[in-house]
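>>> quick one, fold the following:
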Amino acid sequence: MSFSSGPLGHTVSMQGKVGGRSWRMELGRPTRDYIAGEELRARAELGVQDDVGAMIINRPLKDALERRAYSMITDTLQTTADPRLPEEMRWLAMYDEIGWEGPPEKFWARYAVLSDQREHALAWVDDPLIDLLLAWPDPAPTPQVPFMIVLLRSKCYLRMQYLPAETSTLEHATAVYTRACENALEVFRR
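Okay, the predicted model is just below:
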C-alpha cells in the first residue's frame, strides 16, 4: 500500500493490490452533494463477471436518495431528469433490496443490500464483511454518515463521507473495501 498527497485542500490518495488487482482510494473534496466535508472514494477494476450488480448502502442515504428521486418524479415543473443526479439514484431504481436470515438485526437497521439477483448479494456479502461493516472503531461513523460500496461492470467502488476524520476511520474503510473486493474476486471470477 502506498500513499501520496496533493497540495493543501486537494486529494490524498493511496493504492494497493487485492488478488493481484490494483485499487486506488482518494480522500478529497466531495463529488456528490449528499457528502459534506471530505469524501473517501475508492475504485478497483476487478475483472470479475461484468453482469453482476450489487450495492451496500447505509439506510439514511438510501432513504434520502429515494425521497429525492420521488420528489423529482412528482415535481410537475420538471420535465427532464437532471443530468447532475448521482448515478446512485439510478441504481436504487434498477436493483431490488435483498434481505436474508443470518445477519444480525443491527446490520439490517444500518444497511440495505441491493442487487440485480438475490444470489449475487448472498455470495458477495459474507459474514466477515458484515462483521467489518458493524465494527467501526471508536470514534465510529454514525449510521447517518453517507456510505456505499458498489459492485458494477466488473469494478468495485466505495464512496463515503470521511467522518469522523480519523486515521482509524480511513484504515477501517480500507479493510471493508478490500474485503468487498476479495469477496467479488472469489465468487465472481470470470
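
>>> going forward, measure contacts between C-alpha atoms and count neighbours the same way
OK.

>>> secondary structure element holding Arg179?
helix 167-187 (DSSP states H and E).

>>> so Arg189 touches Gln49, yeah?
Yes: contact between Arg189 and Gln49 holds when scored by C-alpha atoms under 8 Å: they sit 6.1 Å apart.

>>> all helices for the protein, in order.
59-74, 87-94, 105-110, 118-124, 127-134, 167-187 (DSSP state H).

>>> packed most tightly, which of those would that be?
With neighbours defined as mean count of other C-alpha atoms under 10 Å, the helices of the chain peak in mean count at helix 167-187, which reaches a mean of 19.

>>> contact partners of it?
For helix 167-187, the external contacting residues (C-alpha atoms under 8 Å, 6 or more residues apart in numbering) are 18-19, 42, 44, 46, 48, 123-126, 129, 132-133, 136-138, 140-141, 149, 151, 156, 158, 162-163.

>>> can you say which of those residues are buried?
42, 44, 46, 48, 124-125, 129, 132-133, 136, 140-141, 149, 151, 156, 158, 162-163 (16 or more other C-alpha atoms under 10 Å).

>>> and those, which of them are in strands?
42, 44, 149, 151, 156, 158 (DSSP state E).

>>> Ser115: which of the residues you listed is nearest?
Nearest to Ser115 among those: Leu151, at 9.2 Å, using C-alpha to C-alpha.

>>> what's across from the closest one in the sheet?
Beta-bridge partners recorded for Leu151 (DSSP bridges): Ala54, Cys156.

>>> so it touches Tyr157, yeah?
Yes: the criterion here is C-alpha under 8 Å, and Leu151 meets it with Tyr157 at 6.5 Å.

>>> ends of stretch 92-101, what's the gap?
22 Å (C-alpha to C-alpha, to the nearest Å).

>>> residues making contact with that stretch?
Outside stretch 92-101, the residues that touch it by C-alpha under 8 Å, 6+ apart are 53-54, 62, 66, 112-116, 118, 121-122.

>>> need those residues in CSV (columns: pLDDT and distance to Glu105).
CSV is the format used below for those (pLDDT from 0 to 100; distance: C-alpha to C-alpha, whole Å):
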residue, pLDDT, distance to Glu105
Gly53, 94, 24
Ala54, 96, 20
Lys62, 95, 17
Glu66, 88, 22
Ala112, 97, 11
Val113, 98, 13
Leu114, 97, 17
Ser115, 96, 19
Asp116, 92, 23
Arg118, 96, 19
Ala121, 97, 17
Leu122, 96, 16
